[in-house]
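>>> here is the input, now give the coordinates:
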Amino acid sequence: MNIFALTGSLTIEGLRETGRMAQFAGRGAVAGVLGPFYWRAFFSSLMRIGFTSLPVVGLTAVFTGAALALNIYDGSLRFNAETFLPQILSVSIVRELGPVLAALMVAGRCASAMAAEIGTMRVTEQIDAMSTLSVDPFKYLIAPRIAATTIALPILVLIADIIGIYGGYLVAVYGLDFSGPVFIRNIAEFIENRDTVSGLIKAAAFGFLIAVMGCYYGYRSRGGAQGVGAATRTAVVAAAVAILASNYVMTSFMVEF
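Numbering: from 1, shown residues only. Model (predicted):
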């Protein structure tokens, strides 16, 4: 019976935590809509989340595209279908690998930073001071970060898609003797608008989840420096799990409809 009691208590606590997280996300989203909106905090977050993440996202994309091209070519040789490399490469990057890998890189950089920043403000009572001065922490801290990450990630994913396909192009043309114009034409003729749109929709959802996880665990951190460290670690893990789980759910809907 102790096993059943433990399972039940863990399930109930998991549901409670999910409810608290959903309430936090809803409050943060509503705070951004109702205003006042702090544009300076928004643009500062947009620069830190979007622009400074470009190098790591670009490097991840180019090496992923190059390695993927080699793997697709090696596998398609077994079926004499190596000419389909451009089509498979482009769809794989645009629909799945681009959004997921870019989101995971941003989660590692930004969810941890958000949790550390807000967690430090929480344990040093700066957030309590804001409330005392009639400044809503959700409007000043949470809403700008959620909006900035939700907007920045689709842009990063679009850039990552281009760089990833270019990495595959370099390997295919200069390493596997593909024709450059034929490679590009095959991609242009095969890829559809819905492939790109589905990837960007995923990216926006991933950005929202990353910001929510980083802000939520930072906002609820307790216990000084050790609590901030635990919140930072938990935020990154939770953001990665949320990205992968939501990716499956959204992919199942997009493929079905």
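>>> show the pLDDT at Glu256.
At Glu256, the model reports a pLDDT of 67.
>>> from Gln87, how far off is Gln23?
44 Å (C-beta to C-beta, to the nearest Å). (C-beta placed from N, C-alpha, C; glycine too.)
>>> spatially nearest residue to Arg27 (excluding sequence neighbours)?
Excluding the flanking residues, the one nearest Arg27 by C-beta to C-beta, 6 or more residues apart in numbering is Phe138, at 5.6 Å.
>>> I'd like the distance between that neighbour and Ser44.
17 Å.
>>> neighbour count for the two, which is higher?
Phe138 (18 against 14; other C-beta atoms under 10 Å).
>>> quick one, what contacts the more buried one?
27-28, 31 (C-beta atoms under 8 Å, 6 or more residues apart in numbering).
>>> helices of the stretch 1-150 of the chain, residue ranges please.
2-34, 39-49, 54-77, 85-92, 98-106, 112-123, 126-132, 137, 143-175 (DSSP state H, counting those that start in this stretch).
>>> rebuild those helices as a markdown table, extending it with mean pLDDT and distance to Met254.
Shown next, in a markdown table, are the helices of the stretch 1-150 of the chain (pLDDT from 0 to 100; distance: least, C-beta to C-beta, whole Å):
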| stretch | mean pLDDT | distance to Met254 |
| --- | --- | --- |
| helix 2-34 | 84 | 22 |
| helix 39-49 | 89 | 25 |
| helix 54-77 | 90 | 21 |
| helix 85-92 | 88 | 13 |
| helix 98-106 | 92 | 11 |
| helix 112-123 | 89 | 28 |
| helix 126-132 | 83 | 38 |
| helix 137 | 85 | 36 |
| helix 143-175 | 92 | 15 |
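>>> pick the most deeply packed of the ones you listed.
Ranked by mean neighbour count, the helices of the stretch 1-150 of the chain are led by helix 98-106 with a mean of 26 (mean count of other C-beta atoms under 10 Å).
>>> tell me which of the helices of the stretch 1-150 of the chain sits nearest to Val182.
helix 85-92 (8.1 Å; C-beta to C-beta).
>>> ok, the contacts of Phe138 vs Tyr174, which is closest?
Gly28 (47.0 Å).
>>> off-centre distance for stretch 10-27?
20 Å (C-alpha atoms, centre = their mean, to the nearest Å).
>>> got the CA positions of it in CSV?
Taking C-alpha atoms only, stretch 10-27 is exported to CSV below (Å, rounded to 0.1, in the frame of the first residue of the first chain):
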residue,chain,number,x,y,z
LEU,A,10,3.5,12.0,-6.6
THR,A,11,0.7,12.2,-9.2
ILE,A,12,-1.2,14.7,-7.1
GLU,A,13,1.9,16.8,-6.6
GLY,A,14,2.6,16.7,-10.3
LEU,A,15,-0.8,17.9,-11.1
ARG,A,16,-0.5,20.7,-8.6
GLU,A,17,2.8,21.8,-10.1
THR,A,18,1.3,21.7,-13.6
GLY,A,19,-1.6,23.8,-12.4
ARG,A,20,0.7,26.3,-10.7
MET,A,21,2.8,26.5,-13.9
ALA,A,22,-0.3,27.0,-16.1
GLN,A,23,-1.6,29.7,-13.8
PHE,A,24,1.8,31.4,-13.9
ALA,A,25,2.0,31.3,-17.7
GLY,A,26,-1.5,32.7,-18.0
ARG,A,27,-0.8,35.5,-15.6
